[in-house]
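**Q** need the 3D shape of this:
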Amino acid sequence: MELTALITGASSGIGKELAYIHAERGGNLIIVARRADKLTELKNEIETKHSVKVETFTKDLSVQGSGKELFEEVTKAGLQVDYLINNAGFGLRGKFQELSWDRQLQMMNLNMIALSELTYCFLPDMLKRNSGKILNTSSTASFMPGPLQAVYFATKAYATFFGNALAEELHDTNISVTTLMPGATETEFAQTADMEKTDLFKKAVSARSVAEEGYNGMIAGKLDVVSGLTFSQKLMMSMIPITPKKLLLKQVRQMQEV
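**A** Residues are numbered from 1 along each chain as shown. As a prediction, the model looks like this:
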C-alpha cells in the first residue's frame, strides 16, 4: 500500500530532502510551501524519477488560520494523510526589541501555531484508522534559551515539548510522534536568519543527512532524533544541565554573534 506524506516547507532544505526520501521509498506526496514555482519544479522532478503521485498546495503557513485552510483543501481533494511532517519554520537573529514585531509574529505563527493546528486537524482521521506518523522538525535550540534569537529558540522549545507530550498521550495507539532536532544544517535557514557568518554555521551538515535520520526515526517510531552535531556540540549539549545558566546564556550569545 502506498502511503502519503504531507510535508510543509517542502520547497527547499530538509523538507525537500524529506520529499525525495519518501518518494524514493515509493510513497506519494502532498508538498506544501509558499513558492508555487519551486513546488511545481519539485513535483515534476519527483514524478519523472519515481512512480508516485505528487500533489502541491501553495500556502503561507505563517498566516493565522492557514493550517485549517490547508486541511480543508486537502480533504476536499479526497487525499488521505498517513504521515504528517510539520517541517516549515524559520528564524531571525538580533535583539528582540530591534527586530520587526510583525516578522516575529509570523515566526511564532509558523513555528508553533501552524504545526499545532495541522496536527489538531489531521490527528482525528489518524485516530479513526488507528494508524499514522507525525514528524515535527524542531531544533537543538529547544534545549536552551537563545539570546539574539530569543523568540526562535522559544518556539522550538514549544515544538519539542508539544511533540513529546502528544507522543505520550497517544501511547496506547498505533500513532507515533517523532521530534527531529537538527543542529546547524545547510539550508536557507542561515540566510533567512542572518546566521551565515556566525561560528555556529561554519560546520553545518547536509540537509540530506538530517532528513534521512529524521525520516528513519519517524518510521521507527522514535520519540526524539538529534542530528547534525559535531563532537564539540554534542559535548556542549551534554553539559547544559550542569552549566550555570548565566554562563550558558553568554556562550549561546557568543555563538550567534558575527
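**Q** do you know how far Ala23 is from Asp172?
**A** Per Cβ to Cβ, to the nearest Å, Ala23 is found 32 Å from Asp172. Yep, even glycine has a C-beta here, placed from its N, CA and C like the rest.
**Q** more crowded one of these two?
**A** A direct count of neighbours by other Cβ atoms under 10 Å for Ala23 and Asp172 places Ala23 higher, at 23 against 7.
**Q** is it true that the more buried one touches Glu17?
**A** No. Ala23 is beyond contact range of Glu17, at 10.8 Å (criterion: Cβ atoms under 8 Å).
**Q** where along the stretch 101-250 of the chain do the strands fall?
**A** Secondary structure of the stretch 101-250 of the chain by DSSP state E, counting those that start in this stretch: the strands cover 132-137, 175-182, 185-186, 205-206, 224-227.
**Q** right, and the ones you listed - which one's nearest Ala150?
**A** Closest to Ala150 of these is strand 175-182 (Cβ to Cβ; 18.5 Å).
**Q** pLDDT weak spots in the stretch 51-200 of the chain?
**A** 185-200 (pLDDT under 70).
**Q** for the helix ranked longest in the chain, packing partners?
**A** Longest among the helix segments of the chain by residue count, using DSSP state H, is helix 150-169. Applying 3 or more Cβ pairs under 8 Å, 6 or more residues apart in numbering; DSSP states H and E, one finds that helix 150-169 makes contact with helix 101-108, helix 115-129, strand 132-137, strand 175-182.
**Q** what's the angle between it and helix 101-108?
**A** 20 degrees (axes from the mean of the first three to the mean of the last three Cα atoms, to 10 degrees).
**Q** buried residues, helix 150-169. List them.
**A** 150-160, 162-164, 166-167 (16 or more other Cβ atoms under 10 Å).
**Q** what residues sit buried inside the host helix or strand of Glu41?
**A** Element membership of Glu41 [criterion: DSSP states H and E] is helix 36-49. Within helix 36-49, the residues scored as buried using 16+ other Cβ under 10 Å are 38-39, 42-43, 46.
**Q** hmm, back to that, now do the longest helix of the chain: everything it contacts.
**A** Under the criterion Cβ atoms under 8 Å, 6 or more residues apart in numbering, residues 86, 89, 91-92, 96, 99, 104, 107-108, 111-112, 115-116, 119, 134, 136-139, 141-142, 144-146, 176-179, 181, 193, 223-224 lie in contact with helix 150-169.
**Q** I'd like the next helix or strand past the helix holding Glu41.
**A** strand 54-58.
**Q** partner strands of that next one and their direction?
**A** When sheet partners are counted by DSSP bridges, strand 54-58 sits next to strand 28-33 (parallel).
**Q** can you put the buried residues of helix 36-49 in JSON lines and add distance to Ala77 and pLDDT?
**A** Formatted as JSON lines, those follow (distance: Cβ to Cβ, whole Å; pLDDT from 0 to 100):
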{"residue": "Lys38", "distance to Ala77": "20", "pLDDT": "95"}
{"residue": "Leu39", "distance to Ala77": "15", "pLDDT": "96"}
{"residue": "Leu42", "distance to Ala77": "18", "pLDDT": "97"}
{"residue": "Lys43", "distance to Ala77": "14", "pLDDT": "97"}
{"residue": "Ile46", "distance to Ala77": "18", "pLDDT": "97"}
